[in-house]
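Visitor: Build me a model:
(2 chains)
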Amino acid sequence: MAEPFYITTPIYYVNDVPHIGHAYTSLACDAFARFQRLDGKDVRLLTGTDEHGQKVEKAAHDRGEDPQAYTDRVSGRFRHLADAMGFAHDDFIRTTEPRHKDAVQALWRRLVERGEIYLGKYAGWYAVRDEAFYAEDEIQDGRAIASGAPVAWVEEPSYFFRLSAWGGRLLAFYETNPSFVGPESRFNEVRRFVEGGLNDLSVSRTTFGWGVHVPDDPDHVVYVWLDALTNYISALGYPDEGGLYARFWPADVHVVGKDILRFHAVYWPAFLMAAGLEPPKRVFAHGWWTNEGRKISKSLGNVIDPFALVAEFGLDPTRYFLLREVPFGNDGDYSRDAMVRRTNSDLANDYGNLAQRSLSMIAKNLGGAVPEPGPFTEGDDALLARAADLPDEVRRHMAVQAPHLALEAIWAVIADANRYVDAQAPWKLRKTDPARMATVLYVLAETVRNLAILTQPFMPGGSAKLLDQLAVPDDARGFDRLGAAGRLKPGTPLPAPRGVFPRFVEAPAGEGA
RNA sequence: GGCGGAGUAGCUCAGUCGGUAGAGCAGGGGAAUCAUAAUCCCUGUGUCGGGGGUUCAAGUCCCUCCUCCGCUACCA
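Guide: Down below sits the predicted model:
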C-alpha cells in the first residue's frame, strides 16, 4: 500500500477577503501535494475555513444575516480561490460542520477527563473591536495603544488549559524532533518563547455565542484556537481514531504563515499531547509578500489580488513566480517587472523554447514521430544522466519545503539541454548526418519528457501540454516513469507542437487607463 | 528593554573545517540561425557595514560601534 502523506493549509478566517497570502499558502501546499502524489504517495491535502468567533457573529449581525447563512456565503470565496488556482485538495473542512463540532467537543472532553482543563476566571482589559485582552502596559486612556480600540475591564469565568505544565515536555519534544519547525530560524524563536515560560491558556469565552459550545456548560464557547486547530483531525474523522485518522495522522506537514506559527508549534502539540494524541511531524512557516517593495495593507490599497494575477499572467506563470522567486520561508517582493521577467526569461525562453525548438525539428524533419536513436555519445549520455539525477535532487528539496531550490535544480538541466542543442547543432546534422540528428532529437525529446514530468507539480497546465505533445499517456506521467523506465518509443506519432509557455507582452499603452 | 538574525558586484543572494571572493538577473561584446527575436560563448579590479584584535593568513574567529529585520502569549 502506498505510503500516506498528509498536508494541510491553515483554515482561512471566513471574514477575510481572499488575498495573495491565502493563495500563496494553498499554492505551496498544492505543489507539495502534487509532488508526493506523482511520487506514488497516498496523499491527502486539506484546506478549509474558520467560521466562528465574535467578528463573524458581528459581521453577520451587521448585515442582518444569520451567522450560518453568512458563513455559507462567504466561505464560498475561498472555494472559488481554490478553483481559480487549480488547487487539488482532497477535503474542505468548515468549522461550522457537525463533524468538526463533534471533534472539538470530543477533544475537549478528553482534555477535561485528563485534568488538563479547569474552570477559572479571566479578568483583564478587553477590546471588543479587537476581540482581545490587553495588559496594563498596553493601554492608555482607556484605549489599546496598538489599535486604538476602546477597552473595558472584564471579568468572566473561563476554562483554562494547563499550558504552563507543558513547557518542559514541549522542549523535550522539540529536542527529539529537530525538524519539527521550519525554517530553522523560526524554530529558534519558538524554542525561545517556550523557554521563557508558559502561562495557562484561556480556552473558552462567554462574551459571544458563535462557536462550538463547551460540553455540559453551554454558556461557554470553545475559544478560537482550540476550535480552529482541531480541524486538522476533525477532517480525518476524529474522535474515530480508525479510518482516515489511523491512516493519515500525524500530519506530515502543516504549512502556515509566520504569523500563526506559535499556535501551531506550541499550543497545538501541547493540546494533542495533553489529549494523548500524537503531534504533527512538522510545521513550516512561510513569509509575507510585499508589493513593489512596499508593505501590503488595506489602507494603502495595494493588496495583490490573486484572481487578477491569474487573469493577467495565467495560472502557470503565477504559480511558477510565487514558488520560484523567493526562498520559501522568507518574505518576498512581488513586482510586475520580476513577474514578467520570470514568465519570459524562465518559462518562455528557457523552458518553453527548449521544448518548441526540439519538437518542431522533429515535426519538420522526422515526420512528426519519436525519432529512432542510434548509439549514444558521451554528450548524449551526459545530458540523459543529468535528467536522471534530477528526481532525487528535487525530492530532497521538496521534502524540506524548498520549492525554489527544486525549480532551480530543474532549470539547471533546462540550461544544460539548451547548451546541448547548440553544441550538437541538429540543424547542421540534417544535411551531414541525418541519423545522428535523429539521435540528438531523441535525446532532447527524452529530456523534455523528464523535465515535463517533474514540472507537473508547479505548472500543471503547461507540463501536461508538453506531455501531450510527446504522446505520453496519462498513466505514464508519474515519477516512476522518469529515466529509463519510461523512455519514449521510437516511431510513436506526435501531435503538431505548439508553444506552451507564451511570452508575456505588455498591452500597448495609450488608450484608457 | 530582552533574546535572535542579517549587513558580500547595479539587483537578489551563495560562500563548507579561516588561506587575499562566486552564481543568477541586469549591463557590454561576439557566435549561431533549429526555435516563442528565443539560444550559446566571452565579459565582474567589489574598501566582503565602520573600527579594533587574534593569526603566517579573516567575508569566515573575538571585541566594539552603526544600520536593518524577526520574536517578545491568548486577532485570523
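
Visitor: do you know how far whatever residue of the stretch 151-300 of chain A ends up closest to RNA strand B is from A:Thr230?
Guide: Closest approach between the stretch 151-300 of chain A and RNA strand B, counting by C-beta to the nearest atom of the strand: A:Val224, at 3.1 Å. Glycine gets a C-beta too; all of them are placed from N, C-alpha and C. For A:Val224, the distance to A:Thr230 (C-beta to C-beta, to the nearest Å) stands at 11 Å.

Visitor: neighbour count winner among those two?
Guide: Using other C-beta atoms under 10 Å as the criterion, A:Val224 and A:Thr230 rank with A:Thr230 on top: 28 against 20.

Visitor: and the stretch 51-200 of chain A, which of its residues are near RNA strand B?
Guide: Within reach of RNA strand B by C-beta under 7 Å from any atom of the strand, the stretch 51-200 of chain A has these residues: A:53, A:55, A:122, A:130-135, A:163-164, A:185, A:188-189, A:192-193, A:196-199.

Visitor: So, low pLDDT: which residues of chain A?
Guide: Applying pLDDT under 70 to chain A picks out residues A:130-132, A:135-140, A:144-148, A:507-513.

Visitor: Against the centre of it, work out the most remote residue.
Guide: When distances to the mean C-alpha position of chain A are computed (C-alpha atoms, centre = their mean), the maximum falls on A:Thr432, with 50.5 Å.

Visitor: What backbone torsions are found at that residue?
Guide: Backbone torsions of A:Thr432, given as degrees, to the nearest 10, read phi -90, psi -30.

Visitor: I figured the residue of the stretch 151-300 of chain A closest to RNA strand B was touching A:His52, is that so?
Guide: Yes - A:Val224 is in contact with A:His52 according to C-beta atoms under 8 Å; the separation is 6.8 Å.

Visitor: Now do the shared contacts for those two.
Guide: Common contacts of A:Val224 and A:His52 (C-beta atoms under 8 Å, 6 or more residues apart in numbering): A:Gly211.

Visitor: Which one of the residues in the stretch 301-450 of chain A is closest to RNA strand B?
Guide: Taking C-beta to the nearest atom of the strand as the measure, the stretch 301-450 of chain A has A:Gly352 as its residue closest to RNA strand B, at 2.0 Å.

Visitor: For the nearest residue to that residue once chain neighbours are set aside, pull up the helix or strand it's in.
Guide: Take A:Gly352 and drop its neighbours on the chain: the residue closest to it by C-beta to C-beta, 6 or more residues apart in numbering is A:Phe501, 3.4 Å away. Per DSSP states H and E: A:Phe501 is located in neither a helix nor a strand.

Visitor: since we're on the closest residue to A:Ala31 other than its chain neighbours, how many residues are nearby?
Guide: What sits nearest to A:Ala31 in space, not counting adjacent residues and going by C-beta to C-beta, 6+ apart, is A:Pro457, at 4.7 Å. By other C-beta under 10 Å, 25 other residues sit near A:Pro457.

Visitor: ok, A:Pro457 - contacts?
Guide: For A:Pro457, the contacting residues are A:30-35, A:38, A:398, by C-beta under 8 Å, 6+ apart.

Visitor: ok, 10 Å please
Guide: By C-beta atoms under 10 Å, 6 or more residues apart in numbering, the residues touching A:Pro457 are A:30-39, A:319, A:323, A:394, A:398, A:403, A:406, A:463, A:479.

Visitor: Kindly report the same for A:Val221.
Guide: So A:Val221 contacts A:52-54, A:57, A:204-214, A:227 (C-beta under 10 Å, 6+ apart).

Visitor: Among those, which lie within helices?
Guide: Those of the contacts of A:Val221 mapping onto helices are A:54, A:57, A:227, per DSSP state H.

Visitor: so the last one sits right up against A:Arg94, yeah?
Guide: No - counting by C-beta atoms under 10 Å, A:Asp227 does not reach A:Arg94; the two are 11.8 Å apart.

Visitor: what residues are shared contacts of these two?
Guide: A:11, A:50-52, A:100.

Visitor: got the phi/psi numbers for the nearest residue to A:Ala228 once chain neighbours are set aside?
Guide: Take A:Ala228 and drop its neighbours on the chain: the residue closest to it by C-beta to C-beta, 6+ apart is A:Asp50, 4.8 Å away. A:Asp50 adopts backbone torsions of phi -100, psi 120, taken as degrees, to the nearest 10.

Visitor: A:Gln105 too?
Guide: phi -70, psi -40.

Visitor: okay, how far is it across stretch A:211-221, tip to tip?
Guide: Chord length of stretch A:211-221, first to last residue, is 6 Å (C-alpha to C-alpha, to the nearest Å).

Visitor: Now do the buried residues in it.
Guide: A:211-214, A:220-221 (16 or more other C-beta atoms under 10 Å).

Visitor: Dump the ones in helices among the contacts of A:Val221 to JSON lines, plus neighbour count.
Guide: Shown next, in JSON lines, are those (neighbours: other C-beta atoms under 10 Å):
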{"residue": "A:Gln54", "neighbour count": "19"}
{"residue": "A:Glu57", "neighbour count": "17"}
{"residue": "A:Asp227", "neighbour count": "26"}
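
Visitor: Am I right that the residue of the stretch 301-450 of chain A closest to RNA strand B is in contact with A:Ser463?
Guide: No - in this structure, A:Gly352 is not within contact of A:Ser463 by C-beta under 10 Å, at 11.2 Å.

Visitor: backbone phi and psi for the residue lying closest to A:Pro391 once chain neighbours are set aside, please?
Guide: Using C-beta to C-beta, 6+ apart and skipping the chain neighbours, the partner closest in space to A:Pro391 is A:Leu482 (5.2 Å). For A:Leu482, the backbone dihedrals are phi -70, psi 150 (criterion: degrees, to the nearest 10).

Visitor: One more: A:Trp210?
Guide: Dihedral angles of A:Trp210 (phi, psi; degrees, to the nearest 10) stand at phi -80, psi 90.

Visitor: helix, strand or coil for A:Ser160?
Guide: Careful, residue A:160 is Phe; it's not Ser. strand (DSSP: H, G, I helix; E, B strand; the rest coil).

Visitor: need the contact list for it.
Guide: If you count contacts by C-beta under 10 Å, 6+ apart, then A:Phe160 has A:116-122, A:199-204 around it.

Visitor: Let me see the ranges of the strands in the stretch 1-150 of chain A.
Guide: With DSSP state E, counting those that start in this stretch as the criterion, the stretch 1-150 of chain A has strands at A:4-13, A:42-50, A:91-94, A:117-127, A:132-134, A:139-140, A:143-144.

Visitor: Turn these into TSV, columns for mean neighbour count and distance to A:Glu292.
Guide: As requested, those are arranged in TSV below (neighbours: other C-beta atoms under 10 Å; distance: least, C-beta to C-beta, whole Å):
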stretch	mean neighbour count	distance to A:Glu292
strand A:4-13	24	25
strand A:42-50	23	29
strand A:91-94	19	33
strand A:117-127	16	33
strand A:132-134	17	32
strand A:139-140	14	35
strand A:143-144	18	31
